[in-house]
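Colleague: What follows is a predicted protein model with its sequence.
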Amino acid sequence: MHPADIQRALDSKTKPVGSLGRLEQLAAQIATLQGTLNPSMSTCQLIIFGADHGIAAQGVSAYPSEVTRQMVLNLLSGGAAANVIANALNIPIQIIDSGIAGDPIDHPNFLNRRIAPGTSDFSLGPAMTPDQYQLATTHGTILFPSPSQRPLQDCANEVGKAEPPSPFEAKGDASERSETAGACGRGRGARGTQPSSAPSNQPPVSEIPIPPSSTSAIKSASTTPDAICFGEIGIANTASASIIAHKILNIPLQDLVGPGTGLDDSGVQHKLAVLTKSASRTPTPLDAQTTLTEYGGFEIAMMAAAIQAAANAKRLVIIDGFIATAAAIAALDSKPSITNALVFSHRSGERGHDAMLQALNANPLLDLDMRLGEGTGSLLAWPIIKSAAAILNNMATFESAGVSTKT
């Protein structure tokens, strides 16, 4: 689809040229992504990844780690902000356990893809092993299989386990499960890498049980939606997100570190000191794979892979706030070509988000001073995105409406 064709189609609508501003830019982005002047943008899904972080032991969050589990249970019961907003917009939710501390949660609406009960404390050593990074990446990738990629079994053999099918995979499409760049831990960016030693409290991948597939969700989506919102929940994940952006984009840590869930000024300074010491363990900058292995969370690594996979599958990816943008930074570092599939939904109230957006040259749709996470900002962008596609599909042209054009 040539950009000139899309522009002519937009300019032919019954409006002054360019008068719908960002909506027209969004419409063009969607048409380009799908390769058609009649794009489909009628369905959306929210996927929330949950995991705990070993760095929480260093006092970098205002809340204890058990809040991750408690908030996941709140989401599963329908009581969180993401539930309320998603229900108002009729958007289904899938919640995924990427690595929540404690015993696995047994709930029919919870997808178990846990790598371990939380990452290791990255102030002392790598957050995860290379094998754990590979497995997290694989789990994110298979959410959105692409027929053009090699079968997932090839990748699963490399990490030692066959993988269950995607919850979005249409019946009969299991043979099309596949990997995106880096799904087997082979994708590396242009910057330097550093080998990671295995954290002592993490089991090898061969000992991590892979549960049977589950397609249940709070509101089920039977096919892959046109657009995907990604959310997360995990105490101390703003610490991980800050250092990810620092290592990949070389943004100063002092421009990234903020209060997260509610630290006071002294708490923010302590958090900055912990992250500064942690960052000194490795060179800066680093590529995405090394960064995620050294400092990432299981939910962030899984989300980064899912962002790549959804973009490869020609789905519009609606990026939420601070944590989701860190995952997008990692995904873009591994595969810059996915940029045109991403829409940055809002500017978070978390201090470092603006620095991330500026480094990416990203212009978010909304600025509501939100900093909750859970994908809440991305949900609110959905009606705008849906309306942008409707302009191309449903708005009359000057010719069809019998309206005179500009003289």
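Modeller: Done, it's in. Residues are numbered from 1 along each chain as shown.
Colleague: does residue 391 really touch residue 23, like I thought?
Modeller: Yes - contact status for residue 391 versus residue 23: in contact at 6.2 Å, counting by C-beta atoms under 8 Å. For every residue, glycine as well, the C-beta is placed using N, CA and C.
Colleague: residues in contact with residue 73?
Modeller: residue 105 (C-beta atoms under 8 Å, 6 or more residues apart in numbering).
Colleague: How is it assigned, secondary-structure-wise?
Modeller: helix (DSSP: H, G, I helix; E, B strand; the rest coil).
Colleague: Next one: it from residue 233, what distance?
Modeller: Going from residue 73 to residue 233 by C-beta to C-beta, to the nearest Å gives 11 Å.
Colleague: Okay, now the unreliable bits of the chain?
Modeller: 146-222 (pLDDT under 70).
Colleague: Let me see the ranges of the helices in it.
Modeller: With DSSP state H as the criterion, the chain has helices at 3-11, 22-34, 66-76, 81-88, 130-141, 152-159, 237-249, 265-279, 288-295, 298-312, 322-334, 353-360, 376-394, 398-401.
Colleague: Quick one: residues contacting the residue nearest to the spatial centre of the chain.
Modeller: The residue lying closest to the centre of the chain (C-alpha atoms, centre = their mean) is residue 303, at 4.1 Å. By C-beta under 8 Å, 6+ apart, residue 303 lies in contact with 49, 140, 230, 232, 324, 327.
Colleague: cool, and residue 80?
Modeller: Neighbouring residues of residue 80 by C-beta under 8 Å, 6+ apart: 71, 74, 374.
Colleague: Can you tell me how far the last one is from residue 79?
Modeller: Same thing as residue 374. Distance, residue 374 to residue 79, using C-beta to C-beta: 12 Å.
Colleague: buried ones in stretch 115-135?
Modeller: Buried residues in stretch 115-135, counting neighbours by 16 or more other C-beta atoms under 10 Å, are found at 115-123, 125-135.
Colleague: measure that stretch end to end?
Modeller: Start and end residues of stretch 115-135 are separated by 7 Å (C-alpha to C-alpha, to the nearest Å).
Colleague: for it, the distance to its chain's centre please.
Modeller: Relative to its parent chain, stretch 115-135 has a centroid offset of 19 Å by C-alpha atoms, centre = their mean, to the nearest Å.
Colleague: what number of residues lie near the spatially closest residue to residue 113 that is not a sequence neighbour?
Modeller: Of all residues not flanking residue 113 in the chain, residue 139 sits nearest, at 4.4 Å (C-beta to C-beta, 6 or more residues apart in numbering). A total of 26 residues lie near residue 139 under the criterion other C-beta atoms under 10 Å.
Colleague: I'd like to know how far residue 139 sits from residue 302.
Modeller: 5 Å.
Colleague: hey, what's in contact with both of the two?
Modeller: 96, 98, 113.
Colleague: wait, the first one sits on residue 111?
Modeller: Yes - taking C-beta under 8 Å as the contact criterion, residue 96 and residue 111 are neighbours in contact, 4.6 Å apart.
Colleague: Between the two, tell me which one has more neighbours.
Modeller: Legend: neighbour count by other C-beta under 10 Å for residue 96 and residue 111, higher for residue 96 (27 against 23).
Colleague: Return the subset of the shared contacts of residue 139 and residue 302 lying in strands.
Modeller: Among those, the residues falling in strands (DSSP state E) are 96, 98.
Colleague: Just the closest of the shared contacts of residue 139 and residue 302 to residue 249, please.
Modeller: Nearest to residue 249, judged by C-beta to C-beta, of the shared contacts of residue 139 and residue 302 is residue 98 at 23.3 Å.
Colleague: Hmm, the closest one is touching residue 111, no?
Modeller: No - in this structure residue 98 lies outside contact range of residue 111 using C-beta under 8 Å: 9.6 Å.
Colleague: re the thing from before, quick check: which of the helices of the chain is nearest to residue 223?
Modeller: The nearest among these, by C-beta to C-beta, is helix 298-312 at 13.5 Å.
Colleague: More neighbours: residue 374 and residue 79, which one.
Modeller: Taking other C-beta under 10 Å, residue 374 and residue 79 do not tie; residue 374 has more neighbours (28 against 12).
Colleague: any idea what sits nearest the more buried one, other than its immediate chain neighbours?
Modeller: Counting by C-beta to C-beta, 6+ apart, residue 374 lies nearest to residue 82, which is 3.9 Å off, once chain neighbours are set aside.
Colleague: Let me know how buried the closest residue to residue 383 other than its chain neighbours is, in neighbour terms.
Modeller: Excluding the flanking residues, the one nearest residue 383 by C-beta to C-beta, 6+ apart is residue 89, at 6.8 Å. Other residues lying near residue 89 total 15 when counted by other C-beta under 10 Å.
Colleague: separation between residue 144 and residue 306?
Modeller: For residue 144, the distance to residue 306 equals 7 Å [C-beta to C-beta].
Colleague: what's the overlap in contacts for those two?
Modeller: residue 228.
Colleague: Considering the shared contacts of residue 139 and residue 302, which is situated nearest to residue 298?
Modeller: residue 98 (4.1 Å).
Colleague: Let me see the contact set for the closest one.
Modeller: 49-51, 113-115, 136, 139, 297-299, 301-302 are the contacts of residue 98 under C-beta under 8 Å, 6+ apart.
Colleague: Just put the residues you listed in TSV and tack on distance to residue 106.
Modeller: Below are the contacts of residue 98 laid out as TSV (distance: C-beta to C-beta, whole Å):
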residue	distance to residue 106
49	18
50	15
51	18
113	15
114	12
115	18
136	22
139	19
297	23
298	19
299	19
301	24
302	20
